[in-house]
Every structure is written in structure tokens, then in C-alpha cells.
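*Asks:* Requesting a structural model of the entry that follows:
(2 chains)
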2 protein chains.
Amino acid sequence: MSEPLQGACIVGQSGGPTSVINASVYGVIRTALDNPSITRVYGAAHGIRGVLDDVLYDMAQEDPDELELLLNTPSSALGSCRYKLKDSETDDTDYKRILEIFKKYDVRYFFYNGGNDSMDTCNKISKYMQKMGYPCRIMGVPKTIDNDLSGTDHCPGYASAAKYIATSCMEIYHDARVYDTGMICVLEIMGRHAGWLTAAAAIAAYYGQGPDLIYVPEREFDMRQFIADVKKVYDMHNKCIIAVSEGIHDSHGKLIAEYGAADGATDAFGHRQLGGLAATLANILKEATGAKVRGIEFSLLQRCATHCASKTDIEESFASGKAAVENAVNGITDKMVGFERTTDAGGAYQCNMKLMDLADVANTEKKLPMEWINEAGNGIKKEYIDYALPLIQGEPKRPLADGLPRFANLKKVKV
Amino acid sequence: MSEPLQGACIVGQSGGPTSVINASVYGVIRTALDNPSITRVYGAAHGIRGVLDDVLYDMAQEDPDELELLLNTPSSALGSCRYKLKDSETDDTDYKRILEIFKKYDVRYFFYNGGNDSMDTCNKISKYMQKMGYPCRIMGVPKTIDNDLSGTDHCPGYASAAKYIATSCMEIYHDARVYDTGMICVLEIMGRHAGWLTAAAAIAAYYGQGPDLIYVPEREFDMRQFIADVKKVYDMHNKCIIAVSEGIHDSHGKLIAEYGAADGATDAFGHRQLGGLAATLANILKEATGAKVRGIEFSLLQRCATHCASKTDIEESFASGKAAVENAVNGITDKMVGFERTTDAGGAYQCNMKLMDLADVANTEKKLPMEWINEAGNGIKKEYIDYALPLIQGEPKRPLADGLPRFANLKKVKV
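*Replies:* Residues are numbered from 1 along each chain as shown, chains lettered A, B, ... in the order given. Now for the predicted structure:
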């Protein structure tokens, strides 16, 4: 354990938001504000962009109660970015600027809350600071609804999205069978390369109230087989609910979502038609079955529906932010906080924090294990349910005002 | 007050479901089971279809705890239908059959839970029974997310849909401004003729966390003005969120949703393209502004998201079912239970049950008052907020199992 560095910290958020990314950042801010080694706590506006542009917020100016509301506020409260740093060997302009800002504010701690691209950013900054002999500690705090960071059992943000998806699938299951007439529903769920989110629909199915068929991008999608699968279920039950990942693709790697946009197909205004995957598959199934078909895209809601978040996810997200600060103060740098699944004496789920090398996480992607997908490639096995169920447990106490969510309202006082 | 009739009752559900239609039907079932004048309580499978087909469930066979879960179970637990009775003058086949079933089971009470079409069904059955001199009492129990039944202050089911819409709008508001880059979001909300549901987006806007522009079908939609409205907001804020009713139409009455489906526009499979309204407007705005545009359709979720229901709505729904039974036993017939808004001594919102003639409700439609829409036709005024806010209050206690909703699981024992 090294001596704590005395100095300021910067915390930033990057990449697509989740329902609980603000719980992680609150874990960082609260712990940093309470730590005597950390002299100032700055929030970077829009991630690393805020550092480059010298737009930092003084988090000590915020009302502590408002800060605590971050536990239940969706989106990235500090603002996010999708900014990729060049290699410092090729172009060190950004790095010089970051060092300049770090020196200007005596920054000795940098916490970055994001997915694998953000871990890459952390890693690059860390290497540069080491090269320049500037002592500082750099820690990654994970987030992604996609659950695709390698080395960690799961990612903060995934469980809340999964809970929203499973809950909504159950509700739609009931709604879709209200009439005794035929009905097919296609549910489009996020996930370009990994099927983790779509797999969450299987939790609803496990309780007999979910999709009949589930397709993830880990397996090639065959349109003829798909239509045959749907017809089989529909002929038997007069209903069929299907969950698909946005990233499903054929054997040539072509996205099925792109099947809908034929060259030259335009609407009445001459605009090129670009329906979503759900609409595309709904049209195809309507033609193939003659049934009433509805396409539903969960869209942004699956990543921002804090009103249906998992308490476990919120607590773990906070804990990961807290662990990042505590470890950094204790001399750790160049690590991302990850989760390790254990069980307590009674066999109940427990989650421990662990530390992982930034370089290992930076540019890899963890997919749904192939052995959790059924042989036919249209369903998810019980192993996944056992994995996912503990993560979605617990109802957070949601602060409300006038029957609506009371989200954090930060002053964002610029330094 | 007449003598109570001794005999059985039938309760049925009809039309599109809501998050709380089962709370109403539970109000009927629970009250009827507890009433000594009512000898049997039958649930009709799929509304009036269940009566015609002689498929009735014996509600006394259900576990009382499961029945109580109906308070928090979406969709129509007994099954619904969209069956329109012919005029008995033209064709009395159905009516004879209904009378036959009523006699077979000694049915003296009929409770029908639905929208204006269902009130029409009630009314027709009632007239026929009177003509045939068969004593029975027929009561309508309202439901509709559309809030378009006339004569009642509001309709059971509306408030929960409104709460889901307002909550989701707030969450999307935060998500949509996570980056400092431009973003336009088009939210498509249900409502073919009435803008009540879309108006609920204004509640989020009232709290500074909702759409910038709102368009309802009560006003003609002008595409050029719409594009100008969006550009104005977008140029100023680099963001624009728009809420539209599915039923918005131009001055010729043509649905804007149909603008997207040009004659002959087909996808790669030769299927006719049929995107939703949100997708159509998103394509048009993308072209017009060059901005990143996302279309989001709330789809079925807005009518089945029991996980975001209003406690007030659940309680009022239950109360309307209860009032229908109590009034019928006390001699009332041919009425629908409606809501009257009053205030208590302290000025707080209160809702009283009132009785309305079925004939008056049957075939009318209540639209959003024109004076609640702003002059430009792109926003909703404070009068609506004052109307809507009391309705969405209160968080129901949601029964959960394994972190997921625990919905009623009825045995549905056929008689």
C-alpha cells in the first residue's frame, strides 16, 4: 500500500448511458468528497471533452441531498462523449492538454466511468502520465447495459436493463393474448454484437410469461428457419412472441435490420425508407403468415428506465465507484473495478469487487456463452437464468415528486 | 331503492386492455362474491363472446389471494373481445342466445367492463331484456387509456398510461441530452382521435424534463409548420423532443402515419413498407435538418406497464367495479359508473362515483378541450396539468417474485 497522493480528482462519464451510471459516479463523488487525501472533486463535462475544454464542475458546491438523488437518476448527469484519443505516439496534442489541465488543478486522481472504449482512454492517459513522470492514479469504473466487458462477472447497468426488459416482456405477454384472435409480436432489443440484453427476455419466458423464440447475434440468423420457427409456434398457439437482438445478421454478416431498406425504396416524400429491425421482421412475418403482427422496439427506454431499476445493480454500481476511489487512495492505479461472484455461507449470491488491468479490458468484448444458447439457436438455456436472476433482485426506493420521478438537479458550478 | 334480485352475475371485459382493467373487474368480483344477493359469480371468457359460446368461469373457485393480485395485473385477465352486437331489430340471434344463457345460469346481474363500444353492448342487451320481460340489472364499468368517454371526469386506465408516458418522457429527456451533439427524438403515443394520452407528455415538460413540441389529433397537422417548429427549437438548443399522437392528420384528414407508405415502396423482399408514424417523421426530420433523429413508439407498453401504474387509478378502478355491484343490488340498472371530481375541505382532489345513462355514453367521444391546446397547436396548456396531476399520484405496492412482477394466476374453472 503506497502513501495516498494529496491532490484533486476528476471524474468523468463516457459512452452510452445506463439507468445506474450515475449511481457509480455518485460512488466516486461521495467517497472522494469524504476522503481527506482528495483536496477537490471535479466533474468533467462530457467526459474527457470536459478535461480538454477545461469545463469542470466543482462537486463540493452541490447540495448533498441532490447528489444522493444520482442513485436514481438515469442518463449521465455530468454529460457523456464518444471521443477516441489518438495514439500518443502519432499525435500527443490531447495528452499534452490533459497534462496541462491536471497540473493546473493539481489533479492526482482520474476516475473514468464507461465501457471498453473508456477503459482504452484511461489506459492511454495512464501510460502517458507515467512516461511524463507525472504522479497520478487512474481508475476505470465500468458501465454498460451490453454486459460485454471481459474479466468481470457482469457490468453495472446490465441488470437494470435486463430487469426492465424481463418486466416489459411479461407485461407484453399478457397484453398480446387478450383477444382470442391470432397475434405475433416481434420485440427488438439492443445489442449489436452480444446477446446479453436479449437473453433477458428469457427470464420472462422462464416464468411462462415471455417470448416463445429468442435470437441473439452470437448465432447466424437464417430467415427461412426463422419463418418456419414462428409458423410452428403460431400454428400451435395462435400467438407467438419473438425477441431479437438488433445485431442479428445472416451468414454473410449482413444485418437483418438492413433487409428492410432496399436500394431505392422511398416514401411519399422521396426519403429513403429506414424502418427498424422489428418493423422489418413484422412486415416479413405478416406476409408469411397472414397474421396480425406488431413490431415493438424497446429503444432508449431499456437503458434509461430508472423507474424499473434493480436495487442490486444500484448498490453494486455505487460500490464500484467507491472501490475505485478507495483503491486509488491506497496506491492502486491502471485498474478497472470488476465484479467477482461468490456465495455466502448460506449459498446466497454475493458480489465482491476485484481489480483488473485496464489493458486487458480495453478492447475486448465478452459475448453470451454459446453453450447457453439452445441447439436450434432460438432460445436461451437455464444456465443463463441462474446467472441473471440474482442480479435483478431488489426494488430501490424511488424518490418521487408529484407522482413522478425526482431526479438529481445539479448546479454544475464551473471551476 | 328496489329489492335486491336473487341470482347469479356475469362479469366480462371488452376492448383494448389497460394496466388497471383487472382492478375494476376485481372490484366487481370481490364485491359480488361478498354480497348475499348474488348467488354465483361468473367470469365470461373473452367478454360477450364467452356468454354466446357458453364459456364461463366460476370465480368462487379462485384463490382469494390470486384474485387480489388482479389489482396489479395488466391486460384483461378474463380475456377480451371486439364483438359488436347487431341491432336486435335486424337480427336477434345473439340476443336470444344471451337470454338463453342468462336463464340457464339464473343470471340477474351483468357487469361489462369496457369503453364506449362496450357501453353500447350493455345498452342493447338491457333494452332486449326489458322487452322480453326478463328481470336483470345491467351495469357498465368504464375503462380506456384513451380517456374519451363523455360525461365522466376521467376514465379508469387513463391515469396509469399517462403516468407511464410522463415518466418515460422524463427518462428519455435525460437520455437524449447525454452528448453535446445534436439530437432530435420523436415519441409516438397512442390516440387515434383524442390527444389525451399525448397530452400526458406535457406533464414531463411542465417539470422542465419533457418534449419541446406536442401535437394532438384535435388540431390539423401541417408538415411545413411542423418542420419549421422543430428547426426553431433545434437551432436554439441543439436538441428537440417531439411528442405526437398516432392519429395526427393533415387538413384532408389523411393520417400522417400514412405519408411513409408510398404506393409501391417495397423492401428487399418485395414487401410493402409500413413504418410507424415515429419512423416516418424521423425520416422526414433527418432529411430536413441533417440531425441525428430517433423515432420511439411507446406501443403496447403504455397500456400494459402495470409496473408504473398510478395508485389513484388502481383505487378508483376498483371503486368503480365495486360501485357497479352495489348499485345494481340496490335496484339500479342501465347505468355506467362514472367519476365526478370534487375537493375535500382542504381543497385536495377527491373522486366520487356517479351514475350515467348507458345510452349517453355509448357512442360519443370526448376529446381534449381545444382551449387546453396552445395557439400554435404545438403545446399543451397548464389547465391540462392541473387536471392530470392528481390522477397520477401514488405508488401501488407491487407484489414481486424473484424481482419480477407477480401477476394473478387464475385457475379459470369452467362452469
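*Asks:* where in the stretch 201-350 of chain A is pLDDT low?
*Replies:* Applying pLDDT under 70 to the stretch 201-350 of chain A flags the ranges A:260-275.
*Asks:* which residue ranges form the strands in it?
*Replies:* A:213-215, A:239-245, A:293-297, A:335-343, A:349-357 (DSSP state E, counting those that start in this stretch).
*Asks:* got the buried residues for the third one?
*Replies:* So that's strand A:293-297. A:293, A:294, A:295, A:296, A:297 (16 or more other CB atoms under 10 Å in any protein chain shown). All C-beta spots, glycine's among them, are computed from the backbone N, C-alpha and C.
*Asks:* which of those lies closest to residue B:32?
*Replies:* Nearest to residue B:32 among the buried residues of strand A:293-297: residue A:294, at 34.4 Å, using CB to CB.
*Asks:* Tell me what the closest one is bridged to.
*Replies:* residue A:185 (DSSP bridges).
*Asks:* hang on, residue A:312 packs against residue A:396?
*Replies:* No. Residue A:312 is beyond contact range of residue A:396, at 9.4 Å (criterion: CB atoms under 8 Å).
*Asks:* wait, what's in contact with residue A:231?
*Replies:* For residue A:231, the contacting residues are A:288, A:289, by CB atoms under 8 Å, 6 or more residues apart in numbering or on different chains.
*Asks:* Just the closest residue of the stretch 1-150 of chain A to chain B, please.
*Replies:* residue A:75 (3.6 Å; CB to the nearest CB).
*Asks:* That residue falls within a strand, correct?
*Replies:* No. Per DSSP: H, G, I helix; E, B strand; the rest coil, residue A:75 lies outside any strand segment and is coil.
*Asks:* so what's it closest to, chain neighbours aside?
*Replies:* Closest residue to residue A:75 apart from its sequence neighbours, by CB to CB, 6 or more residues apart in numbering or on different chains: residue B:174 at 3.6 Å.
*Asks:* Compute the number of surrounding residues for the one you found.
*Replies:* 22 (other CB atoms under 10 Å in any protein chain shown).
*Asks:* Return the per-residue confidence for residue A:362.
*Replies:* The per-residue pLDDT reported for residue A:362 equals 79.
*Asks:* in chain A, which spans are helices?
*Replies:* With DSSP state H as the criterion, chain A has helices at A:21-33, A:48-52, A:64-68, A:93-104, A:116-131, A:158-176, A:196-199, A:201-206, A:223-237, A:277-289, A:301-304, A:311-329, A:358-362, A:382-388.
*Asks:* Okay, angle between the first one and helix B:158-176 too, please.
*Replies:* Relative orientation of helix A:21-33 and helix B:158-176, computed by axes from the mean of the first three to the mean of the last three CA atoms, to 10 degrees: 60 degrees.
*Asks:* name the helices or strands packed onto helix A:21-33?
*Replies:* strand A:7-13, strand A:38-44, helix A:64-68, strand A:107-114, strand A:137-142, helix A:311-329 (3 or more CB pairs under 8 Å, 6 or more residues apart in numbering or on different chains; DSSP states H and E).
*Asks:* Show me which residues of the longest one are buried.
*Replies:* By neighbour count on 16+ other CB under 10 Å, the buried set for helix A:311-329 is A:311-329.
*Asks:* next one: it to chain centre, how far?
*Replies:* 16 Å (CA atoms, centre = their mean, to the nearest Å).
*Asks:* Give me the packing partners of it, helices and strands only.
*Replies:* helix A:21-33, strand A:107-114, strand A:137-142, helix A:158-176, strand A:335-343, strand A:349-357.
*Asks:* same deal with the second one?
*Replies:* Packing contacts for strand A:38-44, counted by 3+ CB pairs under 8 Å, 6+ apart, involve strand A:7-13, helix A:21-33, helix A:48-52, strand A:56-58.
*Asks:* domains of chain A?
*Replies:* Split into domains by automatic domain parsing, chain A comes to A:7-144+A:306-363+A:393-405, A:158-304.
*Asks:* Serialize the ones you listed to JSON lines and add fields for distance to residue B:381.
*Replies:* Output for the domains of chain A, formatted as JSON lines (distance: least, CB to CB, whole Å):
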{"stretch": "domain A:7-144+A:306-363+A:393-405", "distance to residue B:381": "18"}
{"stretch": "domain A:158-304", "distance to residue B:381": "27"}
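*Asks:* residues touching the nearest residue to residue A:277 once chain neighbours are set aside, list them.
*Replies:* Among residues not flanking residue A:277 along the chain, residue A:257 sits closest, at 3.9 Å (CB to CB, 6+ apart). Residue A:257 is in contact with A:246, A:276, A:277, A:280, counting by CB under 8 Å, 6+ apart.
*Asks:* Can you name the two of those residues that sit furthest apart?
*Replies:* A:246 and A:280 (10.9 Å).
*Asks:* who's more crowded, those two?
*Replies:* residue A:280 (29 against 21).
*Asks:* Check the spacing between the more buried one and chain B real quick.
*Replies:* Going from residue A:280 to chain B by CB to the nearest CB, to the nearest Å gives 7 Å.
*Asks:* Do I have it right that residue A:299 meets residue B:298?
*Replies:* No. Residue A:299 is beyond contact range of residue B:298, at 9.4 Å (criterion: CB under 8 Å).
*Asks:* which ones are touching residue A:374?
*Replies:* A:380, A:381.
*Asks:* The residue nearest to residue A:75 contacts residue A:303, doesn't it?
*Replies:* No. Between residue B:174 and residue A:303 there is no contact under CB under 8 Å: 10.9 Å.
*Asks:* Name the residues contacting each of these two.
*Replies:* Common neighbours of residue B:174 and residue A:303 (CB under 8 Å, 6+ apart) are A:17, A:74.
*Asks:* and the gap between the residue nearest to residue A:75 and residue A:402?
*Replies:* 17 Å (CB to CB, to the nearest Å).
*Asks:* again with residue A:186
*Replies:* Counting by CB to CB, the gap from residue A:186 to residue A:402 is 36 Å.
*Asks:* and what of residue A:146?
*Replies:* For residue A:146, the distance to residue A:402 - CB to CB - is 34 Å.
*Asks:* what about residue A:342, how many neighbours?
*Replies:* So residue A:342, with other CB under 10 Å, has 10 neighbours.
*Asks:* How about the contacts made by it?
*Replies:* Per CB under 8 Å, 6+ apart, neighbours of residue A:342: A:350, A:351, A:352.
*Asks:* from those residues, which single one is nearest chain B?
*Replies:* residue A:351 (14.9 Å).
*Asks:* so how far is stretch A:66-79 from its chain's centroid?
*Replies:* That offset, for stretch A:66-79, works out to 15 Å (CA atoms, centre = their mean).
*Asks:* Please read the previous query as pertaining to stretch A:322-342.
*Replies:* 19 Å.
*Asks:* before we move on, what about stretch A:21-29?
*Replies:* That offset, for stretch A:21-29, works out to 14 Å (CA atoms, centre = their mean).
*Asks:* Quick one: mean pLDDT over it.
*Replies:* 98.
*Asks:* Quick check, residue A:12 in contact with residue A:44.
*Replies:* Yes. Counting by CB under 8 Å, residue A:44 is a contact partner of residue A:12 at 3.6 Å.
*Asks:* Neighbour count for these two, which is higher?
*Replies:* residue A:12 (31 against 27).
*Asks:* what does the stretch 51-200 of chain A put close to chain B?
*Replies:* Residues of the stretch 51-200 of chain A that fall close to chain B, judged by CB under 8 Å from any CB of the partner chain: A:73-76, A:79-82, A:163, A:166-168, A:170-172, A:174-180, A:185.
*Asks:* if you set the cut-off to 6 Å instead, what comes out?
*Replies:* For the stretch 51-200 of chain A, the contact set with chain B under CB under 6 Å from any CB of the partner chain comprises A:74-76, A:80, A:166-168, A:170-172, A:174-175, A:178-180.
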